[in-house]
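K.L.:
After the sequence you'll find the predicted model.
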Amino acid sequence: MEVMNISRVTKTFSTGRQVLDDVSFSLEKGQCVGIIGESGCGKSTLARCLLQLEKIDSGEISLNGQLLQDLSAKELKPFRQQIQAVFQNPSASLNPKLKIRDSLMDPYLQFGSQKEMQHFSYTSNEQYVHQLLQAVELPACLADRYPHELSGGQQQRAAICRAISIEPDVVIMDEPTSSLDVLSQASLLKLLETLRQQFSLSYVFISHDLAAVASLSQHLLVMKEGRMIDAFPTEELFSPRRHSYTKELVSMY
Amino acid sequence: MAVLKMKIRKRNWKAGMLVTLFILVGFLAAYTFLFLKHDADMVDLNSRLSPMSLLHPFGTDHLGRDVMTRIFLGAQQTVGYAFMALAAAVVIGLPIGLVAGYKGGIIERILMRIADAFLAFPDTIVAIVLSGLMGPGIENLLLAIVFVKWVNYARLIRSTVVNERGKEYIAMAKVNGLSDGQIMRKHIFPHIIGNVLVLASLDLGKIILLISSLSYIGLGAQPPAPEWGAMLNDARPYFQSMPSLMIYPGLAIVTVVLISNVSGDYLRDKFDVKKEVQL
């Protein structure tokens, strides 16, 4: 089943630079699509466009069959509960002035009342937050800390449990492992895989780290200068039919 | 460990000084209002310019009024007016700074150019000109102070908001469907409140100085109001024969300005979440 479909998306900045040029892909339920590319190729802009934080110039973005790109902020709100995000910089994605507990409650306070949840249950803020932290293997005592009292890996886990807290269909991840050390990266990737199966999530995993992307994704897309230059199932990464740029990326590992 | 102890002692020094001052002032006020019960405006020419005594701890002025009673009632005036001016400045500056910082673009540019125009004039001069134009009186003086002070708050708040609005947690709040109002309340306001309180408590001292100095030259509070600056002005002819008449209001001004500055420092330490944890 297709949860998200992106077709022929283009975006040009006001400076005249074309950041996205005819980008298309689709995302199946419970699958992970990996997007690889070097810095400045438009990966992060694509993430922001998928999340409707930026308007696209042309093309279509649909989520569970609903076209998103022309909706106003108000019309968009009901669909926000189906799509969540994890960003690159874990220390910036949690408000430094709020306790972890308060940051984690954001999605539930907005959507909790409209959403039937299968894995999480809500009886009190306390119990709900503990459940969330448990799901990402964090101790419950972190709920009352401020973000700067957590390590980078813990911050990123907190950001992830906020993203899954209302059991969305799609999670857009923009370089979620890039600012972590190798060990934290490995354990985070393992956690993401577990969560994907447990909550039947679909991921769009954006990174410049080929190894991280390949370990999690069923499908890979290669981006260069705003264009999708190659798309293939992960098993065929080493096939001789790959685009020369993909081969170059592979050879660097 | 040694560093840690020193830091704690330093913080407690500020808090301790504030508490001591408040207790001292409290005792003096209790003595004045509960025990002596003078009328601040009652003229008694028989006992004019009398030196300090138990009945008149700070002596009497040139009209025989009790100086200590007038100093305390003056606190109500000087400090009270300063608070009013400050509150008005924050109330005007807050929405303008928030909107300019959060919305950005053309709205920000328009609002900030207006603010720059206000900022181009030094505040004392504007206050003097305005109260000169509109006539002397405490209301006009306060209006003038608000007129020059709101810009500081608008600019401070705007720069804080501009700093935060591009951060990823604001993007996440949008992804989570929070409205602009909710984002400002929940995510941006905690960043503003500390800065504004610190600036406000430092400003309080400056505003008190401004009110007193303009009252001294006759543009602010009018006699017989027991405003400290006005009292200084009244005492001028007796500077050589009775200098204490100038010393007491002067000391009162210095004390309040000092309290305002120390508490500003204290609040700055207090609102710095990160620093507190390092201790």
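P.N.:
Now that the structure is in, tell me what you want to look at.
K.L.:
neighbours of residue 18, just the number please.
P.N.:
No chain specified, so I'll use chain A. 15 (other Cβ atoms under 10 Å in any protein chain shown). To be clear about C-beta, it is placed using only N, CA and C from the backbone, and glycine gets the same treatment.
K.L.:
you looked at the wrong chain, it should be chain B
P.N.:
Neighbour count of B:Leu18, defined by other Cβ under 10 Å: 15.
K.L.:
my read: it touches B:Ile259, true?
P.N.:
Yes. Contact criterion Cβ atoms under 8 Å: B:Leu18 and B:Ile259 qualify, at 6.5 Å.
K.L.:
intersection of neighbour lists for these two?
P.N.:
Listed as contacting both B:Leu18 and B:Ile259 by Cβ atoms under 8 Å, 6 or more residues apart in numbering or on different chains is no residue at all.
K.L.:
Tell me the confidence at residue 243?
P.N.:
All of this refers to chain A. Looking at A:His243, its pLDDT is 88.
K.L.:
I was after chain B.
P.N.:
For B:Pro243, the model assigns a pLDDT of 88.
K.L.:
How much space separates it from B:Asn176?
P.N.:
Separation of B:Pro243 from B:Asn176 (Cβ to Cβ, to the nearest Å): 66 Å.
K.L.:
more neighbours, these two?
P.N.:
Per other Cβ under 10 Å, whichever of B:Pro243 and B:Asn176 has more neighbours is B:Asn176, with 25 against 12.
K.L.:
Next up, the contacts around the more buried one.
P.N.:
B:Asn176 touches A:Arg80, A:Gln84, A:Asp106, A:Pro107, A:Gln110, A:Phe111, counting by Cβ under 8 Å, 6+ apart.
K.L.:
A:Tyr128 belongs to a helix?
P.N.:
Yes. Judged by DSSP: H, G, I helix; E, B strand; the rest coil, A:Tyr128 forms part of a helix.
K.L.:
Now it: closest residue in space, sequence neighbours ignored.
P.N.:
Among residues not flanking A:Tyr128 along the chain, A:Tyr122 sits closest, at 4.9 Å (Cβ to Cβ, 6 or more residues apart in numbering or on different chains).
K.L.:
If you count residues, where's the longest helix of chain A?
P.N.:
Across chain A, the longest stretch assigned as helix under DSSP state H is helix A:182-199.
K.L.:
buried stuff in that one?
P.N.:
Within helix A:182-199, the residues scored as buried using 16 or more other Cβ atoms under 10 Å in any protein chain shown are A:Ser184, A:Gln185, A:Leu188, A:Leu189, A:Leu191, A:Leu192, A:Leu195, A:Arg196, A:Phe199.
K.L.:
do stretch B:251-265 as well
P.N.:
Under 16+ other Cβ under 10 Å, the buried positions of stretch B:251-265 are B:Ala252, B:Ile253, B:Val256, B:Val257, B:Ile259, B:Ser260, B:Val262, B:Ser263, B:Gly264.
K.L.:
Check stretch B:137-156 too.
P.N.:
Residues B:138, B:140-156 are the ones in stretch B:137-156 that count as buried (16+ other Cβ under 10 Å).
K.L.:
Contacting chain A as well, which ones from those?
P.N.:
Here nothing survives when the buried residues of stretch B:137-156 are matched to chain A using Cβ under 8 Å from any Cβ of the partner chain.
K.L.:
So which of the residues you listed are in strands?
P.N.:
Members of those lying in strands (criterion: DSSP state E): none.
K.L.:
and the buried residues of stretch B:251-265, which of them are in helices?
P.N.:
B:Ala252, B:Ile253, B:Val256, B:Val257, B:Ile259, B:Ser260, B:Val262, B:Ser263, B:Gly264.
K.L.:
how close does B:Pro57 sit to chain A?
P.N.:
47 Å (Cβ to the nearest Cβ, to the nearest Å).
K.L.:
Just confirm that residue is within a helix.
P.N.:
No. Going by three-state DSSP, the assignment for B:Pro57 is coil, not a helix.
K.L.:
Just the pLDDT at it, thanks.
P.N.:
Per-residue confidence at B:Pro57 stands at 80 (pLDDT).
K.L.:
now do A:Glu137
P.N.:
With respect to pLDDT, A:Glu137 scores 90.
K.L.:
Does it touch A:Leu191 like I think?
P.N.:
Yes. Using Cβ under 8 Å, A:Glu137 is in contact with A:Leu191, at 6.7 Å.
K.L.:
Could you pull up the mean pLDDT of stretch A:109-125?
P.N.:
pLDDT averaged over stretch A:109-125 gives 84.
K.L.:
Distance from that stretch to the middle of the chain?
P.N.:
Here the centre of mass of C-alpha atoms in stretch A:109-125, compared against the chain's by Cα atoms, centre = their mean, to the nearest Å, lies 21 Å away.
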